[in-house]
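K.L.:
what's the 3D shape of this:
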Amino acid sequence: MKIYPLKNKLIISFSPLINVVIKVYIEDGLLLSDIFHEKSVQLKELDCGLPLFNENVMGDTTVEHILKLLNTSVCEETWELLTYNDAQVEMYNSLAASRFLHELFNNCPNLAWAIILNNYYGASFHVVEYLSRMKRRQLLSILTNSPAEERNITLLKKVKLLSGRRNEFRWLSRCLKEAELVEAYKHKETVTMQELYLSYRYRILAGSKLLKNVCHEKKEFLRDYKKGMCTLHKLAIDSVRIGENIGIKDSINIIMNCPDGDAVMYYHDKWSLKLRETTKLLREDIFLERPMLLDCEGIAFIDSINALIIEGREMEHCLASYKDKVINKESYIYKVTSFHGERVTLELGFLRGKYFIKQAKGFRNSEPSNPVRGFYNTWLDDENERLMELDKEKKEERFKLQRA
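P.N.:
Coordinates of the predicted model:
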């Protein structure tokens, strides 16, 4: 992309990659564009699709030239516009043309942005004007299909977008429909979009200091914040459960107020040690219902609570805290011993007719080696295939009986 600031216009060329040239100019106080694509010409477009006010994308010189053409300077309102990459120019033009949208933008910028996004490409100015005059709660309900409640407007005002892309509006709409998330952030002064995005999936972390710190670093896309979150989420849940097992009533608040993952790991290891030291074997052991999987040499189902406790002691991890999970059939625990003597504790779940691996941990929560991973993955794949064939045969037999 090459940019040429001229006296009363701005030329943006995408040659030689694509044969597109954009001429940006001012007319009646609006920022308009003529888009030339080979023999096709689109005249007086309200938005050329580029965030012209964004220095990171367009460069300092371009932004300065745009402001000069508009005969204005960088003000608080212009800086607010920098938050919105998508529909940025169209929002500027709509703000310049509509007093009601301007008032809404000053009160709740994200709601004004939602109007523009919702009517992007082809909606008339009259629609924008009509929506801008509506009551805030009713407007929010129409745009996001969320409850028409004041607390949703309050949350929307607090949210700081990451880059103002269209997908952030979709995630924002989803979060506003979740009363649990709205409640979690009702006492926060500000909320970043990345916090809401991660809270939607990892509910236990919603509103926590831990999640806020994870989201503190500036990244380009929402998806960039997902890295490592599954591990942190699992670690936090395990830590809370271990704390509750050893009688720490406030364990969830302690974990959620940790500054980072290292602090969570500190409590996890500290409480795991206490759990192993204080958990006693049952006088009358509780035996667990065996899943449909067949054991093989080196892979054995842990079939009782005492066996679970012993496995936790031997492997020096928090397996004793899984008592309720295995009794309620939420998890099935297996002891894996490779041909070379490597030990792994395997946690399985069951969903939609198939068993799957929830986690696999070696001694002191170490990661299994690649050979042992291949060992238990192959076993599980073979067993799932066997069960599918068995289920297919049963269905065929039932079908034959019905026809007979």
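K.L.:
CA only for contacts and neighbour counts going forward, please
P.N.:
OK.
K.L.:
which SS class is Val336?
P.N.:
strand (DSSP: H, G, I helix; E, B strand; the rest coil).
K.L.:
since we're on the nearest residue to it once chain neighbours are set aside, how many residues are nearby?
P.N.:
The spatial neighbour of Val336 that comes closest, neighbours along the chain excluded (Cα to Cα, 6 or more residues apart in numbering), is Ile299 at 4.6 Å. Using other Cα atoms under 10 Å, Ile299 has 19 other residues around it.
K.L.:
so who does Ile299 touch?
P.N.:
334-337, 376 (Cα atoms under 8 Å, 6 or more residues apart in numbering).
K.L.:
Return the mean pLDDT over the host helix or strand of Trp379, rounded to an integer.
P.N.:
According to DSSP states H and E, Trp379 maps onto helix 370-403. Average pLDDT, helix 370-403: 91.
K.L.:
chain center to it: distance?
P.N.:
Chain-centre distance of helix 370-403: 34 Å, with Cα atoms, centre = their mean, to the nearest Å.
K.L.:
That helix packs against which elements?
P.N.:
strand 354-361 (3 or more Cα pairs under 8 Å, 6 or more residues apart in numbering; DSSP states H and E).
K.L.:
neighbouring strands for the strand it packs on, and are they parallel or not?
P.N.:
strand 343-351 (antiparallel) (DSSP bridges).
K.L.:
And the contacts of the strand it pairs with?
P.N.:
For strand 343-351, using Cα under 8 Å, 6+ apart, the contacting residues are 311, 315, 330-337, 355-363, 368.
K.L.:
Show me what counts as buried in stretch 181-201.
P.N.:
181-182, 184-186, 191, 193-200 (16 or more other Cα atoms under 10 Å).
K.L.:
what about stretch 190-210, how long is it end to end?
P.N.:
Start-to-end span of stretch 190-210 (Cα to Cα, to the nearest Å) is 15 Å.
K.L.:
contacts for it?
P.N.:
Contacts of stretch 190-210 (Cα under 8 Å, 6+ apart): 155, 158-162, 168, 171-172, 175, 181, 184-185, 188, 211-212, 215, 222, 225-226, 233, 237, 255-261.
K.L.:
Now a PyMOL select for only the buried ones of those residues.
P.N.:
To isolate the buried ones among the contacts of stretch 190-210 in PyMOL, judged by 16+ other Cα under 10 Å, type:
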select buried, resi 155+158+159+160+161+162+168+171+172+175+181+184+185+211+212+215+222+225+233+237+255+256+257+258+259+260+261
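K.L.:
I'd like to know which of the contacts of stretch 190-210 are part of strands.
P.N.:
159-160 (DSSP state E).
K.L.:
neighbours around Lys395, how many?
P.N.:
Neighbours of Lys395 using other Cα under 10 Å come to 12.
K.L.:
buried residues in stretch 138-152?
P.N.:
138-141, 143-144, 146-148, 151-152.
K.L.:
And for stretch 52-67?
P.N.:
52-54, 58, 62-66.
K.L.:
May I have the distance across it, first residue to last?
P.N.:
Using Cα to Cα, first and last residues of stretch 52-67 are 10 Å apart.
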